[in-house]
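In: Here you go, sequence then predicted model.
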Amino acid sequence: MDTPILDQLRRLKYEKGISFHTPGHKGKNTLIDWGDYIPFIDTTEIFGMDNLHDPVGIIKESQQLAAKTFGARETIYSINGTTGGIYIALGAATNPGDKVLIQRNSHKSVYNGVILNRLNVEYIYPNYNKRYGLFTGIVPEDIEDRLKKDKDIKVVLIVYPNYYGICSDIKKIAEIVHKYDRILIVDEAHGSHFKFSDKLPISALEVGADISIQSTHKTLPSFTQTSMIHLGTDRVDINKLRSIASLYQTTSPSYLFMASLEIARAYMEEEGAQRLDRTMELIDYVEKELKNMDRVHVFTGDEEDNTIYDRDRTKILLSLDGVTGTGIDKILRDHYNIYLEMADSQYALALTSLMNEKEDFEQLIKSLKDMSENQPYNQIENIGIGPISPIKVLSIYEAFYRKRKILDFDQSIGKVSASFITPYPPGIPLICPGEKITKELVSRILSLVEKNIEIVGFLGYNKRKIEVVD
Ligand SMILES: Cc1ncc(COP(=O)(O)O)c(C=O)c1O
């Protein structure tokens, strides 16, 4: 049998790497013995199994239990991750042509949601902290300014926490958005666990978010692709939310996925929350140990930056003097069998969860100690992407759906882009569809290419072509 994916999965199983990446179950999804049930439970809407698109039985009951646990009016399971959840939330809260205020450093799913729902966007820019070389939080008063000036903005969509665990002052943001009678959607993809420990930031629903979408699979023990869409208030019509959810979800949702969402929720109500508290104690211990090491730094965000209102400490953001973040990631993987979530020129991110064992953390400490003592010291260039000032000519969706042509990137100056051009990490688009491609942008992006930064959105084998509006 020719099975390249299965072969690689077998290798992965055999290697038993330590997981500091998603999914949150860390390959230890032993809350039930899945082997006992699979593949039999991979079933369909036969009698008694209910229907995600019109739940009246077990799925309804399961979603109601989730709503109660997370403090929502209603919860809908998304078996297309938070990606699908964001499409649904945007669709439910808007009509085509409406205006939404989003963070420029929003995840791709927010931009895709804007295109699918044909929305006009305005941007709010997070603080760029030069000292850290990171985008940090949003200034709530900036949102107030925008809402005061622009009565057409119907929805504000905020990322909370961001990928690095940084949290803006979501309580104040919610108060402002509601003072101006607008809708607050929170992309809480990385915050499903917040509700279960008082050592973690407050959850978006607790401060009054109208909709929060959480990737249960990222930080709690459920399977990849499983998320929850929580409706927090009555500002968004529940019937519209249900109808739009039906548009974006498959008519054959996986019972494995839905069961895994349910099991993760039930587990968190019992031992899970205690286990998470234990994890927080282990994180205290890891931070203390790493802080005492030469060359190793753990991001604590406590230098002066009042946009960092709170921080999710389960996301350990590391740096090591003289080694790039991507270098840390590679060395940990190649020499210590430790797999991280992501890395950039400066930082490497260990995404921990309650399912990590004490030994996982011990191994991370030991490996970093070894690295701090033995890794050669190289000069590191900190490649920040710097501020962005887009020149909008068309809305994103108009440009996206217009007739396109392909040009060499360096020949595209003055044209209107039909593509997103996004350096990874940090995954913030430098150019969006509908924006003018300027000389300055072209030279900036080409200099990132020279520095081997991955740029997503180009075409062609040497990745130097771009689609523009014809
Ligand atoms: C901030 C943010 N929002 C949304 C998503 C999409 O989540 P999912 O993978 O559950 O579709 C991600 C995924 O990485 C993310 O980082």
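Out: Thanks, I have it.
In: which helices and strands does the longest helix anywhere in the chain pack with?
Out: Longest helix in the chain, counting residues (DSSP state H): helix 273-291. Packing contacts for helix 273-291, counted by 3 or more Cβ pairs under 8 Å, 6 or more residues apart in numbering; DSSP states H and E, involve strand 296-298, strand 315-320, helix 358-374. In this view, the C-beta of every residue, glycine as well, is placed from N, C-alpha and C.
In: and the closest residue to residue 317 other than its chain neighbours, what does it touch?
Out: In space, and not counting its chain neighbours, residue 317 is closest to residue 299: 3.7 Å by Cβ to Cβ, 6 or more residues apart in numbering. Listed by Cβ atoms under 8 Å, 6 or more residues apart in numbering, the contact set of residue 299 reads 132, 134, 164, 317-319, 347.
In: gap between the longest helix of the chain and the chain center?
Out: Relative to its parent chain, helix 273-291 has a centroid offset of 22 Å by Cα atoms, centre = their mean, to the nearest Å.
In: So the residue nearest to residue 317 versus the ligand, what's the distance?
Out: If you measure residue 299 against the ligand using Cβ to the nearest ligand atom, to the nearest Å, the figure is 17 Å.
In: Do a quick rundown of the strands in the stretch 101-250 of the chain.
Out: In the stretch 101-250 of the chain, the strands defined using DSSP state E, counting those that start in this stretch lie at 120-124, 128-129, 134-135, 153-159, 166-167, 183-187, 211-214, 227-231.
In: avg pLDDT for the first one?
Out: Pointing back at strand 120-124 there. Taken as a whole, strand 120-124 carries a mean pLDDT of 96.
In: residue in this structure nearest to the ligand?
Out: The ligand sits closest to residue 81 of the chain, with a gap of 2.5 Å, by Cβ to the nearest ligand atom.
In: just the CA coordinates of the longest helix of the chain, formatted as CSV?
Out: Extracted C-alpha coordinates of helix 273-291, given in CSV (Å, rounded to 0.1, in the frame of the first residue of the first chain):
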residue,chain,number,x,y,z
ALA,A,273,-9.9,22.0,36.3
GLN,A,274,-7.8,20.6,39.1
ARG,A,275,-5.3,19.3,36.6
LEU,A,276,-5.1,22.8,35.0
ASP,A,277,-4.4,24.3,38.4
ARG,A,278,-1.5,21.8,38.8
THR,A,279,-0.3,22.8,35.3
MET,A,280,-0.3,26.4,36.4
GLU,A,281,1.9,25.4,39.4
LEU,A,282,4.2,23.6,37.0
ILE,A,283,4.4,26.7,34.8
ASP,A,284,5.5,28.8,37.9
TYR,A,285,8.2,26.2,38.4
VAL,A,286,9.3,26.2,34.7
GLU,A,287,9.4,30.0,34.6
LYS,A,288,11.5,30.1,37.8
GLU,A,289,14.0,27.6,36.5
LEU,A,290,14.3,29.2,33.1
LYS,A,291,14.8,32.6,34.6
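In: how about the nearest residue to residue 469, chain neighbours excluded?
Out: residue 416 (4.3 Å).
In: does the one you found have beta-bridge partners, and which?
Out: Going by DSSP bridges, residue 416 is paired in beta bridges with residue 436.
In: Can you give me the pLDDT of it?
Out: With respect to pLDDT, residue 416 scores 97.
In: do the same with residue 458
Out: On the pLDDT scale, residue 458 gets 92.
In: does it really touch residue 464, like I thought?
Out: Yes: under the criterion of Cβ atoms under 8 Å, residue 458 makes contact with residue 464 at 6.4 Å.
In: what touches both of the two?
Out: Residues touching both residue 458 and residue 464 by Cβ under 8 Å, 6+ apart: residue 409.
In: Buried residues, stretch 64-80. List them.
Out: Residues of stretch 64-80 classed as buried: 66-67, 69-70, 72, 75-80 (neighbour count, 16 or more other Cβ atoms under 10 Å).
In: Please read the previous query as pertaining to stretch 226-241.
Out: Buried residues in stretch 226-241 (16+ other Cβ under 10 Å): 226-233, 235-236, 241.
In: Tell me which of the helices and strands packed on helix 273-291 sits most buried.
Out: strand 315-320 (a mean of 23; mean count of other Cβ atoms under 10 Å).
In: near the ligand, which residues of the chain show up?
Out: 81-83, 107, 109, 159, 163, 187, 189, 215, 227 (Cβ under 6 Å from any ligand atom).
In: Spatially central residue for this structure, please.
Out: residue 189 (5.0 Å; Cα atoms, centre = their mean).
In: Which pLDDT value belongs to that residue?
Out: pLDDT at residue 189 comes out at 97.
In: Surely it and residue 217 touch.
Out: No: applying Cβ under 8 Å as the test, residue 189 and residue 217 come out as separate, 9.5 Å apart.
In: so what's residue 238 up against?
Out: Applying Cβ under 8 Å, 6+ apart, the residues contacting residue 238 are 73-74, 231.
In: Show me the two of the buried residues of stretch 226-241 that sit farthest apart.
Out: 226 and 235 (25.8 Å; Cβ to Cβ).
In: Now residue 47. Its backbone dihedrals?
Out: phi -50, psi 130 (degrees, to the nearest 10).
In: neighbours around it, how many?
Out: 6 (other Cβ atoms under 10 Å).
In: And it, how far from residue 57?
Out: 10 Å (Cβ to Cβ, to the nearest Å).
In: Quickly list what's touching both of those two.
Out: With the criterion set as Cβ under 8 Å, 6+ apart, the contacts of residue 47 and residue 57 do not overlap.
In: Could I get the full set of strands for the stretch 351-470 of the chain?
Out: Ranges of strands in the stretch 351-470 of the chain, per DSSP E, counting those that start in this stretch, are 404-408, 422-424, 454-456, 465-469.
In: where's the last one relative to the chain centroid, distance-wise?
Out: Distance, stretch centre to chain centre, for strand 465-469: 27 Å (Cα atoms, centre = their mean).
In: tell me what it is packed against?
Out: strand 404-408.
In: buried sites along the strand it packs on?
Out: Buried positions in strand 404-408, judged by neighbour count with 16+ other Cβ under 10 Å: 404, 407.
In: so what strands line up beside it?
Out: Applying DSSP bridges, one finds strand 404-408 paired with strand 465-469 (antiparallel).
In: ok, the closest residue to residue 395 other than its chain neighbours - contacts?
Out: Closest residue in space to residue 395, ignoring its immediate chain neighbours: residue 120 at 4.9 Å, by Cβ to Cβ, 6+ apart. Residues near residue 120 by Cβ under 8 Å, 6+ apart: 97-100, 395.
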